[in-house]
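Undergrad: give the three-dimensional model of this entry:
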Amino acid sequence: MRWLLELLFPSKCVLCRRVLRRGETDLCRSCRTQQEPWEKPKRKPQFLDSITAVWYYEGNVRRAILRYKFYGARHLAGSFARLLAMLLCEKDDAYDMLTWVPVSRLRRITRGYDQVELLAKAVGRELNIEAQPTLKKIRHNRRQSSISSAAQRKANVLGAYRVISPEVLQGKRILLLDDVLTTGATAGECARMLLTAGAKEVHCAVIATARKE
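TA: Here you go, the predicted model:
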């Protein structure tokens, strides 16, 4: 049965969508070797202790994330999670909790799913850590992608999130998942709320970040 499924629905590269050859997983050989990897920035957004990302948010990476986020390609969560988990394992850091940046209730209804929740749960399976909800989005604000100014992005998410159970965060080292980090306003606001509630550290991991000039 599995061979029939592979024949009818062959596995494709998460980035360029070419059919994968024998021995290839998630990425074709070309994308695995030629796609520019992300480099750690000199500065990190306020309230975050570290950032981890797989790629820059451009080209095939951007198109793949848009398919995942807006066009129902939920199956990409597994591929993104495996690639991100590999990087996290290389850092060899220990986290007390794994959580994610939630979308608003309206956005979840419109989209049909929370793409970051799917990513976080898939990463959790790879790292053997249960992904736990710690934040709730209480205000349906404008999409950050529609705002160019860093200051306006920061203002747009201010007060948009609420901590669910502060008592479980006390002294915890938290890994916060998101799909894309641009200015860091959203992840920074979530980290601020978690730290204010008692978390010790907040580390962020994403599929891709905007390239800083």
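
Undergrad: show me the domain layout of this protein.
TA: Taking automatic domain parsing as the reference, the chain has its domains at 1-35, 37-209.

Undergrad: deepest-packed of those, please.
TA: Mean neighbour counts were taken over the domains of the chain using mean count of other CB atoms under 10 Å, and the top value, a mean of 17, falls to domain 37-209. (Glycine included, C-beta is placed from N, CA and C.)

Undergrad: end-to-end on that one?
TA: The first and final residues of domain 37-209 sit 11 Å from each other (CA to CA, to the nearest Å).

Undergrad: what do you get for stretch 127-144?
TA: End-to-end distance for stretch 127-144, by CA to CA: 29 Å.

Undergrad: so for that stretch, mean pLDDT?
TA: The predicted model assigns stretch 127-144 a mean pLDDT of 88.

Undergrad: any stretches of this protein with poor pLDDT?
TA: Where the chain drops to pLDDT under 70, the residues are 1-9, 142-143, 145-149, 213.

Undergrad: show me where it has its strands.
TA: 50-56, 97-100, 135-137, 161-163, 173-181, 201-209 (DSSP state E).

Undergrad: longest helix anywhere in this protein?
TA: In terms of residue count, the longest helix belonging to the chain (DSSP state H) is helix 76-91.

Undergrad: what angle do that one and strand 201-209 make?
TA: Compare the direction of helix 76-91 with that of strand 201-209 by axes from the mean of the first three to the mean of the last three CA atoms, to 10 degrees and you get 130 degrees.

Undergrad: now for helix 76-91, which elements pack on it?
TA: Contacts of helix 76-91 with other secondary structure elements, assessed using 3 or more CB pairs under 8 Å, 6 or more residues apart in numbering; DSSP states H and E, are made with strand 50-56, helix 59-70, helix 115-127, strand 201-209.

Undergrad: so how far is residue 20 from residue 198?
TA: In this structure, residue 198 lies at 45 Å from residue 20, with CB to CB, to the nearest Å as the measure.

Undergrad: ok so, going back, and the helices and strands packed on helix 76-91 as a markdown table, adding distance to residue 157?
TA: As requested, the helices and strands packed on helix 76-91 are arranged in a markdown table below (distance: least, CB to CB, whole Å):
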| stretch | distance to residue 157 |
| --- | --- |
| strand 50-56 | 17 |
| helix 59-70 | 17 |
| helix 115-127 | 14 |
| strand 201-209 | 14 |
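
Undergrad: out of the ones you listed, nearest to residue 78?
TA: helix 115-127 (5.4 Å; CB to CB).

Undergrad: got the angle for the closest one vs helix 59-70?
TA: For helix 115-127 against helix 59-70, the angle by the same axes, to 10 degrees is 110 degrees.
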